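A.B. asks: Build me a structure from this.
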Amino acid sequence: DYHFFKQIQVTDIDHVTPHHLYTERVAKFSLSDFNDMLSSQGMQIERVFGNYQLKEYHINDSPRMIILARKN
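C.D. replies: Prediction:
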């Protein structure tokens, strides 16, 4: 409930033998969580994007959250 888990596998050039397997764990934060953390540091959210093409953020279907914030 509190993390995303992503597995990264590094293979040889023929993609046959796995050399390394990594599991990345990233904490899940909501926009409200980020707003609280940033405001406690004197920052204010100006824009929130939902992808690398800087399209509008939608909580249910954006693949990521990109935040533009400014120091007060």
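A.B. asks: so the residue sitting furthest away from the middle of the chain is in which element?
C.D. replies: Distance from the C-alpha centroid of the chain, by C-alpha atoms, centre = their mean, peaks at Asp14 (30.7 Å). Under DSSP states H and E, no helix or strand contains Asp14.
A.B. asks: residues touching it, list them.
C.D. replies: Listed by C-beta atoms under 8 Å, 6 or more residues apart in numbering, the contact set of Asp14 is empty. The C-beta positions use only the backbone N, C-alpha and C, and glycine is treated the same way.
A.B. asks: Model confidence for it, exactly?
C.D. replies: According to the prediction, Asp14 has pLDDT 75.
A.B. asks: where does this protein dip in pLDDT?
C.D. replies: 18 (pLDDT under 70).
A.B. asks: mind listing the strands for the protein?
C.D. replies: Using DSSP state E, the strands of the chain run over residues 3-11, 18-27, 43-49, 66-71.
A.B. asks: Contacts for the third one next, please.
C.D. replies: The one in question is strand 43-49. Contacts for strand 43-49 (C-beta under 8 Å, 6+ apart): 31, 34-35, 38, 55-57, 65-72.
A.B. asks: how about the strands of the chain in TSV, adding mean neighbour count?
C.D. replies: Listed next are those as TSV, based on neighbours: other C-beta atoms under 10 Å:
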stretch	mean neighbour count
strand 3-11	9
strand 18-27	9
strand 43-49	14
strand 66-71	12
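A.B. asks: Between all of the contacts of strand 43-49, which two are separated the most?
C.D. replies: Greatest spacing in the contacts of strand 43-49, by C-beta to C-beta: Lys55 and Asn72 (27.0 Å).
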